[in-house]
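Student: generate coordinates for the sequence data below:
(chains A and B)
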Amino acid sequence: MNGLTLYFRLIRLAVQARMQYRADFLTGIIGVIVMNTVTVSLISIMVSRFRNLNGWTMWEMVFLYCLWLLGHSLYSFFFWHISALEDYLVEGTFDQFLMRPVSPFVMFLGREVHYMGVADLTFAALGLSLAYRNLHLQWNGIHWLFFGLAVIAGTLIETTLVLMFACISFWTGRSRRASRLLIRLNMMVQYYPVDIFGYVFRIIVTGFIPVAFMNYYPALMLLGKLDPQSPGGWLGYISPLVALTLVIFSAVVWRLALRRYSSSGG
Amino acid sequence: MKIFWSFARSTFQFIAAYRFDFFMEFVLAVVRMYGIYWVWRILYTQRPGAFGVSLEQMTTYGVMGMALEMFIWSRPQWYMATQIKSGAIDTDLMKPLDFHLYMLARSIGEMFIGVGVLGLPALIIAYIFLGVQFPPDLAAGLMFVVSLVLGFLLLFHLNFLLGSLAVVAMDIRHISWAYFSVVRFLGGQIVPLWLFPPFVAAVAEVLPFKGTYFIPISIYIGRLTGMEAIQGLGFQIVWLVVLVLLSRVLWSAAHRRLVIQGG
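Tutor: Numbers count the residues shown, from 1 in each chain, chains lettered A, B, ... in the order given. Predicted structure coming up:
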């Protein structure tokens, strides 16, 4: 059996395990929907009262947030538990993954699913289609293809960044604090277009912790906001490349981390 | 006095043990204040003096909304939820203390740590780098302090009520996501109530949440003055009385249920 089939079999088991807790499922979905509704309402109230935020209208802001959310929803459904890697290491449960004759990475990824992602996905799809209609967008095939790639890139960027931050715990035993910094930076980018912040912040979220490629840069391309004269215009197209680079990077980090691993003897 | 020193020492040890966490929290608080500061600055370039509030007042409102979180945010609900889930709550109930007051005392202690280590330093940064203004006059300053204390108490009781739910619901994590968002929104932490659409504003005006952030900060920036400010304080006091009574009733009901369950 190859890795992918095994992965999907594990995911099916995880879904079945989750579905045992109906009340938990329902409150989780409601919680996520309320959270997203509040976020979008705050953005909409702010921007609609002032026409636009640095040239971004209300529906463009909704598009920006929901594009982020769509990529995030896939991450949060399949990969949320990566950020809990620290607990697996400290409790010694990580040893289970190493004792099977298959890739420990597949075992780890297939361990859990998180249904909150379903609520995120629904909300994002609804928000994006409303924004698409209200902005009178007319996408051609290339736009749709790029949109699909950008969403997958968003998922991969978030997943690999979280994975690399979580891998810190192979060296230090703890990683949650560092991960919190990542989550917060990510939150700033998801609500507001990056161009309203100063240079230092923009360089950080573009070059060092490239969360701006999850929604800001692809949104520039998809909303037709790219300025052909500006020297940084190409940044709008390269999200998939950024994601690919990060995947390679994180694979290297994961290999180094595994070599570094010594069990806590749980 | 001896009790005070032992308390102070244990507080210091607590901070020393978690110094990296506190430092990280501090950095993140500064990032949040910086973010909201720029959002309002840029929005205001289109409509200077929008809704009778100057740019300086608006950025002060935004930055204070982020900074005051460290002044009024208390966490009795997490303590209650973990204790109830593990059953360790029975040791709390055996203590010769009223549980509600015990939670309040704990929260006040945590608040002082938070203010000393995070709140005040963040506020200093805000005054120096983010152009946060002082209140227009002494009266406003004094009323702000009173209003802030009331805001802390209001939020404590709302959180306490959420914690009481743990007796019935067992897991309050998901409910609290929705709850936090609602407090942030209807409390006016990020967007003040005068910008809300009429229907939402009407709802937010009568609910207790606006007593947490909106009233103290509006007094601080001089948007609520004179009679209106006193009315704001009155609003906070009335809701506080209601919430205290509600907390007593709900907790004693929860307590009875808890005893039957057996910890």
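
Student: quick one: low-confidence parts of the chain?
Tutor: You didn't pick a chain, so chain A it is. A:1, A:263-266 (pLDDT under 70).

Student: that answer is for a different chain, and I need it for chain B
Tutor: B:1-4, B:7-8, B:11, B:259-263.

Student: could you point out the longest helix in it?
Tutor: Ranked by residue count and defined by DSSP state H, the top helix of chain B is helix B:226-261.

Student: show me what contacts B:L155?
Tutor: Neighbour list for B:L155: B:72-74, B:183, B:212 [criterion: CB atoms under 8 Å, 6 or more residues apart in numbering or on different chains]. Just so you know, the C-beta spots here come from the backbone N, C-alpha and C atoms, and that holds for glycine as well.

Student: for the residue of the stretch 1-150 of chain B found nearest chain A, list the residues it contacts.
Tutor: Chain A sits closest to B:L43 of the stretch 1-150 of chain B, with a gap of 4.3 Å, by CB to the nearest CB. Counting by CB under 8 Å, 6+ apart, B:L43 touches A:46-47, A:49-50, A:53.

Student: cool, and B:F160?
Tutor: Counting by CB under 8 Å, 6+ apart, B:F160 touches B:76-77, B:80, B:100, B:103, B:247, B:251.

Student: within the helices and strands, which one has A:A153?
Tutor: In this structure, A:A153 sits in helix A:141-172 according to DSSP states H and E.

Student: buried set for that helix?
Tutor: Neighbour counts using 16 or more other CB atoms under 10 Å in any protein chain shown place A:146-147, A:150-170 of helix A:141-172 among the buried residues.

Student: before we move on, what about stretch A:235-248?
Tutor: Quick answer for stretch A:235-248 (16+ other CB under 10 Å): A:235-240, A:242-243, A:246.

Student: the residues you listed into TSV, with extra columns for distance to chain B?
Tutor: Formatted as TSV, these follow (distance: CB to the nearest CB, whole Å):
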residue	distance to chain B
A:L235	21
A:G236	21
A:Y237	26
A:I238	25
A:S239	23
A:P240	28
A:V242	22
A:A243	25
A:L246	22
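
Student: farthest-separated two in those residues?
Tutor: Farthest pair in the buried residues of stretch A:235-248 (CB to CB) is A:G236 and A:L246. Separation: 17.8 Å.

Student: hmm, back to that, from the buried residues of stretch A:235-248, which ones fall inside helices?
Tutor: Filtering the buried residues of stretch A:235-248 for helices - DSSP H - leaves A:239-240, A:242-243, A:246.

Student: pretty sure A:F50 is touching B:F51, no?
Tutor: No. Using CB atoms under 8 Å, A:F50 is not in contact with B:F51, being 10.1 Å away.

Student: between these two, which one's more packed in?
Tutor: A count of neighbours by other CB atoms under 10 Å in any protein chain shown puts A:F50 above the other of A:F50 and B:F51, at 18 against 11.

Student: measure that one to B:P48 for me?
Tutor: Remark: distance between A:F50 and B:P48 (CB to CB, to the nearest Å) = 11 Å.

Student: B:F26 now?
Tutor: For B:F26, the distance to B:P48 equals 33 Å [CB to CB].

Student: one more: A:L163?
Tutor: Counting by CB to CB, the gap from A:L163 to B:P48 is 46 Å.

Student: likewise A:V200?
Tutor: 27 Å.

Student: need phi/psi at A:Y192.
Tutor: Dihedral pair for A:Y192: phi -120, psi 140, per degrees, to the nearest 10.

Student: which residues does the closest residue to B:L150 other than its chain neighbours contact?
Tutor: Excluding its sequence neighbours, the residue lying closest to B:L150 (CB to CB, 6 or more residues apart in numbering or on different chains) is B:Q236, at 4.0 Å. B:Q236 makes contact with B:147, B:150-151, B:154, B:211, B:215 under the criterion CB under 8 Å, 6+ apart.

Student: excluding its backbone neighbours, what's nearest B:R184?
Tutor: B:I190 is the one closest to B:R184 (CB to CB, 6+ apart), at 6.3 Å.

Student: and stretch B:252-260, what's buried?
Tutor: When burial is assessed from 16+ other CB under 10 Å, stretch B:252-260 yields the following buried residues: B:254, B:258.

Student: and for it, what's in contact with it?
Tutor: B:84, B:89, B:93, B:99, B:164, B:167-168.

Student: ok, now stretch B:177-191?
Tutor: A:30-32, A:34-35, A:37-39, A:41-42, A:45-46, B:36, B:62, B:65-66, B:69, B:155, B:158, B:162, B:203-204, B:207, B:209-214, B:217.

Student: stretch A:132-147 too?
Tutor: A:57, A:59-60, A:63, A:218, A:221-223, A:237.

Student: now stretch B:49-66: how far from the chain's centre is it?
Tutor: Offset of stretch B:49-66 from its chain centre (CA atoms, centre = their mean, to the nearest Å): 19 Å.

Student: buried residues of it, list them for me.
Tutor: Result for stretch B:49-66 [16+ other CB under 10 Å]: buried residues B:50, B:53, B:55, B:57-66.

Student: near chain A at all, that stretch?
Tutor: Yes. Stretch B:49-66 reaches chain A (CB under 8 Å from any CB of the partner chain) through B:50-51.

Student: with only the CA atoms kept, save that stretch in PDB.
Tutor: Extracted C-alpha coordinates of stretch B:49-66, given in PDB (Å, rounded to 0.1, in the frame of the first residue of the first chain):
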ATOM      1  CA  GLY B  49     -13.200  64.300  11.300                       C
ATOM      2  CA  ALA B  50     -15.700  61.700  10.300                       C
ATOM      3  CA  PHE B  51     -18.700  61.300  12.700                       C
ATOM      4  CA  GLY B  52     -17.500  64.200  14.800                       C
ATOM      5  CA  VAL B  53     -14.300  62.400  16.000                       C
ATOM      6  CA  SER B  54     -10.800  63.700  15.100                       C
ATOM      7  CA  LEU B  55      -8.100  61.400  13.700                       C
ATOM      8  CA  GLU B  56      -6.200  61.600  17.000                       C
ATOM      9  CA  GLN B  57      -9.300  60.600  19.000                       C
ATOM     10  CA  MET B  58      -9.900  57.700  16.600                       C
ATOM     11  CA  THR B  59      -6.400  56.300  16.700                       C
ATOM     12  CA  THR B  60      -6.400  56.700  20.500                       C
ATOM     13  CA  TYR B  61      -9.700  54.700  20.600                       C
ATOM     14  CA  GLY B  62      -8.200  52.000  18.400                       C
ATOM     15  CA  VAL B  63      -4.900  51.600  20.300                       C
ATOM     16  CA  MET B  64      -6.600  51.800  23.700                       C
ATOM     17  CA  GLY B  65      -9.000  49.100  22.600                       C
ATOM     18  CA  MET B  66      -6.000  46.800  22.200                       C
END
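
Student: which other residues reach that stretch?
Tutor: With contacts defined as CB under 8 Å, 6+ apart, stretch B:49-66 is touched by A:49-50, B:29, B:32-33, B:36-37, B:39-41, B:44, B:48, B:122, B:126, B:130-133, B:188-190, B:192, B:194-195, B:213, B:217-218, B:220-223.
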